Structure formats: structure tokens, C-alpha cells
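A.B. asks: give me a 3D structure for the following:
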Amino acid sequence: MNRIKGLGIALAGLALAAGAQLMAADASGITGTWTTSFESQVGTQTYTYTFKVDGNKLTGHAKSNFGESDLTDGKVDKDTVHFVETLNYQGMELKIAYDGKVVSADEIKFKRDVAGQGGEEFTAKRQK
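C.D. replies: Prediction:
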């Protein structure tokens, strides 16, 4: 009986350790799919972002009505996030830098700068 009890305690300890490691991998809670729609100089833009956070590194993908790209230079520090989207817009490569602040488990407020020319502010919401 003690062997079974000991095994149960060991398995519970492993489960707790695995859960703690997952939480540490994304303490910001950003990993997942986020959506937004906002007005810009080129009309309404609708985006779906897929983020994955490991420690303080963010990777992911952006898909909009203007195209798709993998995200680069992604960083997370507590409740702030930064990444760059490289979008091919009408044959031109545009670097779009994003800076965001996590305001709740389901919202991130972003400011983006399109090729150093300014940009938009918007809120992305977690897709459920």
C-alpha cells in the first residue's frame, strides 16, 4: 500500500512541476490566437495573430486581409510585448513594428508603426 501511495505522491509532484514549467514558459499569458479590426490609411484591416511565448521570446504569425507573415524580433517583458511583421504590400516590403501592453487575460492594447511612418492604435482580443 505504501508503494502505491508513494507513486501517487510522485506523480502529483511531476504534474505540479510540469504545470509550473508551462506557466514559467508564458508568464505573460499571451500564447494563443488574437483578433482585431481597425481603420487605417488603406481602409479597414482585419488581423488574426497567433503567438507563442517561451520565456521572454515571442514567435508567431500574422494574417490579415492584406497578407500573411511570420513575426520576428518578438520579445515579452512582464505585461509588455514587441514584435515586427514584414508585410508584402503591393510589391513593397513593409516592416511594421508593434508595441503592446497586456491589459487583461483577453485584451492587448497595441500601437504599431508602419515603416517608420506612424500607424494605428487598437485592441486585440483573445479568440476563444
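A.B. asks: neighbours around Ala62, how many?
C.D. replies: 23 (other CB atoms under 10 Å). Every C-beta, even on glycine, is put in place using the N, C-alpha and C of the backbone.
A.B. asks: what's the separation between Ser28 and Phe66?
C.D. replies: 27 Å (CB to CB, to the nearest Å).
A.B. asks: low-confidence ranges, this protein, go.
C.D. replies: Scanning the chain for pLDDT under 70 picks out 1-25.
A.B. asks: can you pull up the bridge partners for the residue sitting nearest the centre point of it?
C.D. replies: The centre of the chain sits closest to Phe51, judged by CA atoms, centre = their mean, with a distance of 3.4 Å. Per DSSP bridges, the residues bridged to Phe51 are Gly32, Gly60.
A.B. asks: who's in contact with it?
C.D. replies: 30-34, 58-60, 71, 74, 81 (CB atoms under 8 Å, 6 or more residues apart in numbering).
A.B. asks: pretty sure Lys78 sits against Gly29.
C.D. replies: No. With contact defined as CB atoms under 8 Å, Lys78 does not reach Gly29; the gap is 10.8 Å.
A.B. asks: between those two, which one's more packed in?
C.D. replies: Gly29 (16 against 10).
A.B. asks: this structure: helices as residue ranges?
C.D. replies: 2-25 (DSSP state H).
A.B. asks: in it, which spans are strands?
C.D. replies: 32-40, 43-54, 57-64, 67-77, 80-89, 92-104, 107-114, 121-126 (DSSP state E).
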